[in-house]
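S.K.: Model the structure of this input:
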Amino acid sequence: MNVLGTYITAVVTLIVVFTVFFKLIRIVPEQQAWLIEQFGKYRRSLGPGLHLVIPVVQKVAYKQLLKEEVIDVPPQVCITKDNVQVNVDGVLYLQVMDPEKASYGIENYRFATAQLAQTTMRSEIGKIDLDRSFSERDAINDAIVRSVDEASDPWGIKVTRYEIKDITPSETVMTAMEQQVRAEREKRAEILSSEGEREARINSSKGDRQQSINLSQGERQRRINEAEGRASATEIVAEATAAGISEVAEAIRLPKGRTAVAMRIGEQFISSLGEIIRGSDTAVLPADLAQLRSVVESLRGHLGGGDSGATGAPGGGGSGGGRPGGDYTVGGDR
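M.R.: Alright, predicted model coming up:
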């Protein structure tokens, strides 16, 4: 019996020693802080590493996580400045900076900061209209972070940022917004269509104007070219005529030049008279047509070397001479 009692005593002693040993030694993980209370009063904070805690006298009262935490803020109904109800939810990021204040300053800092973020979010949403609430999320987030961080400073909490996840209007508001968006799109489509038609008309009118300008310039250039062509032709004809007259004048000054001119004039006269007579059924000739003989004889006299070779005169005694209206013989021909 004595041996068995001794064995039992040894085993109990061993169990107590191991229990006391494990209660005495505490290993704190990284990014955590354990708060030690001695007889119910805060004693000290344990950082990461191995520490000794006196059992029964001291105990670990709180274990605080020093990492940045993410708290989901539940959706809530907010009313905008233009009296529209929307459901808004978000995500809050915070970090424990002072473990003692986080443990003794408030009972549950996570719940407290989430509630404070909700109330601040309702206040900020009520300051702006529904249309602006979608475009000013950054401003709302910054305002919530400033307000919650200032309020949670006595709790040893640092609010790093807040992000709004969703802003969901009610069904009636969604329907009205869709109708508004549809109307805006139709309006923009009509504006773009009218602007396109206007641009098309402007381009068409510019094209017609340019075409008219080109046609008028072409017509002007054509007239200028024709006028220059006629001027050039007239100039060439005038130069040719002047050159011909100059040559004729030079030819007249040559020996027997005047005789040749007189012969040429006579030929042209006779040729023109014959064409007049052949072109009509009835010919009315002047009474002194007998002078034609004297013209021809004069021309012959010039060809013969002088006026002395001419025979006969109008109304004289030469052969063939007679009354007006009678027959005449010119050069032996009737």
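
S.K.: and the gap between the nearest residue to Gln58 once chain neighbours are set aside and Val57?
M.R.: Closest residue in space to Gln58, ignoring its immediate chain neighbours: Gln38 at 4.9 Å, by C-beta to C-beta, 6 or more residues apart in numbering. In this view, the C-beta of every residue, glycine as well, is placed from N, C-alpha and C. According to C-beta to C-beta, to the nearest Å, Gln38 stands 6 Å off from Val57.

S.K.: Compare these two (neighbour count), which wins?
M.R.: Neighbours per residue, other C-beta atoms under 10 Å: of Gln38 and Val57, the larger number sits with Gln38, 14 against 10.

S.K.: which intervals of the stretch 1-150 of the chain have sub-threshold pLDDT?
M.R.: The stretch 1-150 of the chain contains residues with pLDDT under 70 at 1-2.

S.K.: what ranges do the strands span in it?
M.R.: Secondary structure of the stretch 1-150 of the chain (DSSP state E, counting those that start in this stretch): strands located at 25-28, 32-38, 41-46, 49-52, 58-65, 68-79, 85-96.

S.K.: out of those strands, nearest to Ala262?
M.R.: Of all the strands of the stretch 1-150 of the chain, strand 85-96 sits nearest to Ala262, with 124.2 Å by C-beta to C-beta.

S.K.: Which strands border the closest one, and is each parallel or antiparallel?
M.R.: Sheet partners assigned to strand 85-96 using DSSP bridges are listed as strand 68-79 (antiparallel), strand 157-169 (antiparallel).

S.K.: and the angle from that strand to strand 58-65?
M.R.: 130 degrees (axes from the mean of the first three to the mean of the last three C-alpha atoms, to 10 degrees).

S.K.: buried set for strand 85-96?
M.R.: In terms of neighbour count (16 or more other C-beta atoms under 10 Å), strand 85-96 has its buried residues at Val86, Val88, Asp89, Gly90, Leu92, Leu94, Val96.

S.K.: for stretch 147-165, same thing?
M.R.: Going by 16+ other C-beta under 10 Å, stretch 147-165 has these buried residues: Ser147, Val148, Asp149, Ala151, Ser152, Trp155, Gly156, Ile157, Val159, Tyr162, Glu163, Ile164.

S.K.: Over to stretch 94-104?
M.R.: For stretch 94-104, the neighbour count (16+ other C-beta under 10 Å) marks Leu94, Val96, Asp98, Pro99, Lys101, Ala102, Ser103 as buried.

S.K.: From the residues you listed, pick the one nearest Gly266.
M.R.: Looking across the buried residues of stretch 94-104 and measuring by C-beta to C-beta, the closest to Gly266 is Leu94, at 136.5 Å.
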